[in-house]
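[1] I'd like to go over a predicted model; first the sequence, then the structure.
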Amino acid sequence: MAVVLGLPKGSLQEATFNMMKKAGFNVSAASRSYMPSVDDKDLTCRLIRPQEISRYVELGLLDAGITGYDWIYENGSDVVEVAEMCYSKATSRPVRWVLAVPNDSPFQSVKDLEGKRIATEAVGLTKRYLAKHGVNAEVEFSWGATEVKAPELVDAIVELTETGSSLRANKLRELDTILTSTTRLIANKKAWEDPVKRAKIEQLSMLLQGALAAESRVLVKMNVPAASLEAVVKVLPSLHAPTVNKLNDEGWFAVETVVEESVVRDIVPPLREAGATGFIELPLNKVIF
């Protein structure tokens, strides 16, 4: 039977579809469909709100799913966490649930919120945080636009932030980070015990992690004269060791390696100085260790 995979609908959807494509799975969905198509007969996808995915995975209605650790924690879901995947809708950084108040609020810590009202979508997470700090406050569920509710409707909010720009735009300041979350691939425990389904989920995990690893890396290729080969190889970082092949032109070698994209600007000058030439930089779809 095909593995039923829950994919997050909403803000994380586009980033997830792009990652699936790089991993080798072409997923597409009509605007109002919750049953996207995928070009793999052993995989069936469902578009579900990320807040609900871990519950459906735990119940066995989904064999596996991609959702945030925050929603696994919020729901208290008993699932297998197969892999951590550091990506979000805008960056590769983790997201944070933060306690925030208006800039001109007198509150300076969670202790100041005793008896006050807090709005959030993550009610369970917030209540556990307050209990940990011994604070008794009213926590109400927010259906959206949480940032605009303070100070007129509530005294504080607990909201998800990736860059902090929305909080700043709404003149809010952070009091504390409640939870840091990354995206996870999770599996139903019964499905994980099924050898066929587990093999498919593990394949998916390997390819997705390979696609994520490739996000920050590039393939660098260059030509190097024999006299400069040792000096060039010393400069080059690589996963293991650079690949070196002889060219048809006697006394020249082709050298290639996978490096972090961020270091290319720093290594090209010393590589040229060492004697390398004909640089090519290529993007990658997957890097599997």
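    In hand now; what should we look at? Note that the coordinates shown come from a computational prediction; the quantities given were computed from them, not determined experimentally.
[2] can I assume E256 is in contact with S238?
    No - when contacts are counted by CB atoms under 8 Å, E256 is not listed as touching S238 (9.2 Å). From N, CA and C alone the C-beta is placed, and that goes for glycine too.
[3] Name the nearest residue to S142, sequence neighbours excluded.
    Take S142 and drop its neighbours on the chain: the residue closest to it by CB to CB, 6 or more residues apart in numbering is A119, 4.3 Å away.
[4] backbone phi and psi for that neighbour, please?
    According to degrees, to the nearest 10, the main-chain angles of A119 amount to phi -110, psi 140.
[5] Next: the one 10 residues further on.
    Here the main-chain torsion angles of Y129 (degrees, to the nearest 10) amount to phi -70, psi -40.
[6] same thing with D104?
    phi -90, psi 10.
[7] That one: what's it in contact with?
    Contacts of D104 were listed using CB atoms under 8 Å, 6 or more residues apart in numbering, and none were found.
[8] State the distance from the residue positioned nearest the centre of the chain to P36.
    For the chain, the residue lying nearest the average C-alpha position, counting by CA atoms, centre = their mean, turns out to be Y87 (1.8 Å). Y87 sits 18 Å away from P36, taking CB to CB, to the nearest Å as the criterion.
[9] same check, this time on S54
    For S54 relative to P36 (CB to CB), the value is 19 Å.
[10] More neighbours: these two, which one.
    For S54 versus P36, the count of surrounding residues by other CB atoms under 10 Å is larger for S54: 29 against 20.
[11] now that one: how far from F17?
    For S54, the distance to F17 equals 20 Å [CB to CB].
[12] Need the residues that contact the helix or strand hosting A199.
    Element membership of A199 [criterion: DSSP states H and E] is helix 195-215. Residues outside helix 195-215 that contact it (CB under 8 Å, 6+ apart) are 1, 3, 5, 19-20, 22-25, 42-43, 63-64, 82-83, 85-87, 92, 185, 187, 191-192, 283-289.
[13] So which of those are in helices?
    Taking DSSP state H, the ones among those that sit in helices are M19, M20, K22, A23, A191, W192.
[14] Format the residues you listed as CSV; extra columns: pLDDT, neighbour count and distance to K246.
    As requested, these are arranged in CSV below (pLDDT from 0 to 100; neighbours: other CB atoms under 10 Å; distance: CB to CB, whole Å):
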residue, pLDDT, neighbour count, distance to K246
M19, 92, 22, 38
M20, 94, 24, 39
K22, 92, 19, 32
A23, 94, 21, 34
A191, 98, 22, 50
W192, 98, 18, 48
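[15] How about stretch 141-156, which residues are buried there?
    Neighbour counts using 16 or more other CB atoms under 10 Å place S142, T146, E147, K149, A150, V154, D155, A156 of stretch 141-156 among the buried residues.
[16] quick one: stretch 160-172 to chain centroid distance?
    Mean C-alpha position of stretch 160-172 versus that of the full chain (CA atoms, centre = their mean, to the nearest Å) differs by 19 Å.
[17] any idea how far A254 lies from V220?
    Counting by CB to CB, the gap from A254 to V220 is 12 Å.
[18] oh sorry, the question was meant for K116
    Computed with CB to CB, the distance linking K116 and V220 is 55 Å.
[19] Which one's more surrounded, the two?
    V220 (25 against 15).
[20] so that one sits right up against V263, yeah?
    No - V220 is beyond contact range of V263, at 9.5 Å (criterion: CB under 8 Å).
[21] can you list residues touching both of those two?
    With contacts defined as CB under 8 Å, 6+ apart, no residue is shared by V220 and V263.
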